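In: Kindly return the folded structure for what I paste below:
(2 chains)
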Number of protein chains: 2
Amino acid sequence: MNTQMKQARAGHLTPEIEKVAEQERLSPQTIMEGISRGTIVIPHNRALPKSRICGIGCGLRTKVNANIGTSKDRPDLGQEMEKLHAALEAGADTVMDLSTGGDINLIRREILHHSSVPVGTVPIYQAAIESIEEFGAVVKMPEEKLFRVIEEQAADGVDFVTIHAGLTMDAVQRLKKQGRLMDIVSRGGAFLVSWMIHHQRENPLYEHFDRLLDLARRFDLVLSLGDGLRPGALADATDRAQIQELLTLGELAERAWQADVQVMIEGPGHVPMDQIEANIVLQKRLCKNAPFYVLGPLVTDIASGYDHISSAIGAAIAARAGADFICYVTPSEHLRLPTPEDVRDGVIAARIAAHAADIAKKIPGALEWDNKMSQARKSQDWQAQIQLAIYPKTAQRLRQASPPKETATCSMCGEFCAIGMVKDFLKSSQP
Amino acid sequence: MNTQMKQARAGHLTPEIEKVAEQERLSPQTIMEGISRGTIVIPHNRALPKSRICGIGCGLRTKVNANIGTSKDRPDLGQEMEKLHAALEAGADTVMDLSTGGDINLIRREILHHSSVPVGTVPIYQAAIESIEEFGAVVKMPEEKLFRVIEEQAADGVDFVTIHAGLTMDAVQRLKKQGRLMDIVSRGGAFLVSWMIHHQRENPLYEHFDRLLDLARRFDLVLSLGDGLRPGALADATDRAQIQELLTLGELAERAWQADVQVMIEGPGHVPMDQIEANIVLQKRLCKNAPFYVLGPLVTDIASGYDHISSAIGAAIAARAGADFICYVTPSEHLRLPTPEDVRDGVIAARIAAHAADIAKKIPGALEWDNKMSQARKSQDWQAQIQLAIYPKTAQRLRQASPPKETATCSMCGEFCAIGMVKDFLKSSQP
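Out: Residues are numbered from 1 along each chain as shown, chains lettered A, B, ... in the order given. This is a model prediction of the structure:
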């Protein structure tokens, strides 16, 4: 099948490559070469094209993903549609449906149907939950079910899937030998490890990776190689279990490329500020510059209720160091399933982080946005200031709630606005 | 007079040094040496001791300041008391009263009376506003008024004051030659530059710096040498005008030390991520490791409504690189005078940034907090998780608004909680 990667390698400029090149203000050749080498992916399932696409990878604008989806405690489809809407309105580049409650197939199809942006999933959730429902336990999950669910989700039109194929017996042994404060915090990782230890069997996603590659090639599904052993505490960051898994992910990425399959690598999680850059360098080296998709990372464990801020700090540093794709974290992380408001706040925080990094990385056009805002501030053009804000509705709301007496200023400085004060002096006279 | 610095240089361990040493888990000798060399300050006006003190500087926990104060559009004292309360409850280490509206003397005295933490001010605000009221224009401000206001505020018990003494004619000329997108965004800077250009006279705070030193010595007032030319746009960051002023601030810091006066240096502002570390290195070199007090910095100009997040990113990077003291930025920055809620959100965001940096800097005790949180997560102890959160009320509110069916988990994962799932497997069996 003609995946984007196969076509790029054949020197064929697909419509998707042209579109991404235009969005990024880069030449189609640059995008094509990135896809050929595996440093750029375009999630774009041929079974259900979305109206908006994006490229993810080296040299491109840092992209932001919003995780939505039900839980068993909160299985409401209507709420998920609201969350999808909130994510899109706040500017998410992609969404992932992580539903684990209610009619999972229905919810995914509704999200796929209503999403204008690429959609990702973690198919093992559905496979594990169906196994609990049908057979009473995750460990009773037939391998066949796992592959069937991945195929069904791909056939529905999912653009990228998290696959924890690097979570091998070796890595689990290293985890036990290592010792951790938090053990495993990835749900997919926990399902798999339970299964593997119970059966004393290797991870089927690792053992039958070629089968996954065949499947991915059919739909041009992007494989997002998940880190089931990602640390869930600063104390566990960058430990031997994490790096063991990353070594395997690097090998699997090369196998994917040999099969013309697009692939990303997933990363932590919880990482102290002084280890973030090392994590990025390591991933880029071990995985030969495959796009890196990081979850935050959180730079402190104590920010419950404000983890969108903790993760914005980590995401900005990660993206500046080379991370390509940021999974948002919402204020509700570690506390509850997010609400639509949490989704919005999470997307905005992650976009601020991504944009700040893009400025530092000199991504074409990034600083222009800021310069337009500064021009609007200098000319005291409030309409432009509101329109240029990352989320204009909030800027508008805050200003309207406390309007200034002099409309050229704001209620913080009023007539003592420095910009207004000094403008004439600097123009008219010589010091 | 016996300033902290003079006593430290004489080898005298003051009660304040002992207290700070205990808070920081460092030896009193370490604090004493830092104060002697000027790398640590303890803002502590002898005229009105506050119940809580703190040290600011090299090797210490990064401190957070909250700016409060009225504007002419919002001159309400009650609101300022609420903001003070919000700042203290959220964990601010210091507050600054930047009032420019209403009865400025009364408001300052009320804040000083009710604040448990050190209080700072920017006296030129009052001097300029009184000049407008009395004489019709800032440029009519008598030099004498400026010094009298500083003295009055010091006598009231203010612990540190921003003094824009480095804003010289040379720096203004450099600003004009340089050209900027945003010119001057510091209100104090704008008042002074207007005055200087109008009179074609040097900055009186620079010319009569010795007079300021006499005054500071009398009250052991910490001089916070302000950056009146701090850039107000990413495009202007680290420009020649900013650095010209910083050169002068370094010279003034040495003069302060010669007079046994404690001194800090103020910094930007708006700085792209890739220039932050350079700014810190430069300040530390040019100002011989005087404590650095940064305003954010914001890492993008387009986050109006969310500038607490933009500044948390910048503050974390700055603090990790060596900034000692962070002035918070609230969500209302660039839009309006902050509300008590904005003050709370601003303090929390800045504290997250400061703490994340302290972990990376290996400040004694910093990571312990996170490890306690991770232990509470592992043992699914929700009471401890709430108590250990940076602002427990918010964590409690979010969890209660969406309680899980199984009390050991949260409504995100419920029975599929990875921590619960994998715990037994890892303990009981061998892979």
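In: okay, CA-based contacts and neighbour counts for the rest of this
Out: OK.
In: Check the offset of stretch A:226-245 from the chain's centre.
Out: Per C-alpha atoms, centre = their mean, to the nearest Å, the displacement of stretch A:226-245 from the mean C-alpha position of its chain is 18 Å.
In: Any idea how far apart the tips of it sit?
Out: End-to-end distance of stretch A:226-245 (C-alpha to C-alpha, to the nearest Å): 9 Å.
In: Tell me where chain A has strands.
Out: A:40-41, A:56-57, A:63-68, A:94-97, A:119-121, A:160-163, A:222-225, A:263-267, A:292-295, A:325-327 (DSSP state E).
In: Could you export those to a markdown table, including columns for mean pLDDT?
Out: Below are the strands of chain A laid out as a markdown table (pLDDT from 0 to 100):
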| stretch | mean pLDDT |
| --- | --- |
| strand A:40-41 | 98 |
| strand A:56-57 | 98 |
| strand A:63-68 | 98 |
| strand A:94-97 | 98 |
| strand A:119-121 | 98 |
| strand A:160-163 | 98 |
| strand A:222-225 | 98 |
| strand A:263-267 | 98 |
| strand A:292-295 | 98 |
| strand A:325-327 | 98 |
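In: Point out the most buried one among the ones you listed.
Out: Highest mean neighbour count of the strands of chain A: strand A:325-327, a mean of 30 (counted as mean count of other C-alpha atoms under 10 Å in any protein chain shown).
In: Enumerate every residue touching residue A:180.
Out: A:235-236 (C-alpha atoms under 8 Å, 6 or more residues apart in numbering or on different chains).
In: rewinding a little: would CSV of the strands of chain A with distance to chain B be doable?
Out: Converted to CSV, these look like this (distance: least, C-alpha to the nearest C-alpha, whole Å):
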stretch, distance to chain B
strand A:40-41, 24
strand A:56-57, 20
strand A:63-68, 10
strand A:94-97, 13
strand A:119-121, 16
strand A:160-163, 16
strand A:222-225, 19
strand A:263-267, 17
strand A:292-295, 16
strand A:325-327, 15
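In: Of all the ones you listed, which one comes closest to residue A:397?
Out: strand A:63-68 (23.9 Å; C-alpha to C-alpha).
In: Quick check: which of the strands of chain A is nearest to residue A:112?
Out: Closest of the strands of chain A to residue A:112 is strand A:119-121, at 6.6 Å (criterion: C-alpha to C-alpha).
In: Residue A:150: what's it in contact with?
Out: Neighbour list for residue A:150: A:123-124 [criterion: C-alpha under 8 Å, 6+ apart].
In: That one and residue A:272: what is the separation?
Out: Distance from residue A:150 to residue A:272, by C-alpha to C-alpha: 34 Å.
In: And for residue A:60?
Out: 26 Å.
In: cool, residue A:404 as well?
Out: In this view, residue A:404 and residue A:272 are 42 Å apart by C-alpha to C-alpha.
In: pretty sure residue A:300 is touching residue A:272, no?
Out: Yes: Residue A:300 is within contact range of residue A:272, at 6.8 Å (criterion: C-alpha atoms under 8 Å).
In: So which of the two has more stuff around it?
Out: residue A:300 (31 against 25; other C-alpha atoms under 10 Å in any protein chain shown).
In: List the contacts of the residue nearest to the spatial centre of chain A.
Out: Among the residues of chain A, residue A:327 comes closest to the average C-alpha position under C-alpha atoms, centre = their mean, at 3.0 Å. By C-alpha under 8 Å, 6+ apart, the residues touching residue A:327 are A:64-67, A:293-296, A:350.
In: what do you get for residue A:196?
Out: Contacts of residue A:196 by C-alpha under 8 Å, 6+ apart are A:139, A:169, A:202-203, B:431.
In: What's the per-residue pLDDT of it here?
Out: We have a pLDDT of 96 for residue A:196.
In: With the one 3 residues further on instead?
Out: Model confidence at residue A:199, given as pLDDT, is 95.
In: How many residues are close by it?
Out: Neighbour count for residue A:199, taken as other C-alpha under 10 Å: 13.
In: again with the one 10 residues further on
Out: Counted with other C-alpha under 10 Å, residues neighbouring residue A:209 total 18.
In: Look up how far residue A:200 lies from it.
Out: 19 Å.
In: swap in residue A:135?
Out: Separation of residue A:135 from residue A:200 (C-alpha to C-alpha): 19 Å.
In: now swap in residue A:69 and tell me
Out: 32 Å.
In: higher neighbour count, these two?
Out: Neighbour count, other C-alpha under 10 Å: between residue A:69 and residue A:200, residue A:69 has more, with 28 against 14.
In: okay but the more buried one is in contact with residue A:80, surely?
Out: Yes: under the criterion of C-alpha under 8 Å, residue A:69 makes contact with residue A:80 at 6.0 Å.
In: mind giving me the domain split of chain A?
Out: In the domain annotation for chain A, the residue ranges read A:43-360, A:367-428 (automatic domain parsing).
In: what does the stretch 1-150 of chain A have sitting close to chain B?
Out: Residues of the stretch 1-150 of chain A lying close to chain B (C-alpha under 8 Å from any C-alpha of the partner chain) are A:71-74, A:100.
In: pull the helix or strand with minimum mean pLDDT from chain A.
Out: When each helix and strand of chain A is scored by mean pLDDT, DSSP states H and E, helix A:418-428 comes last, with a mean of 73.
In: and stretch A:301-308, what's its mean pLDDT?
Out: Mean predicted lDDT for stretch A:301-308 stands at 98.
In: end to end, how far does that stretch reach?
Out: End-to-end span of stretch A:301-308 (C-alpha to C-alpha): 12 Å.
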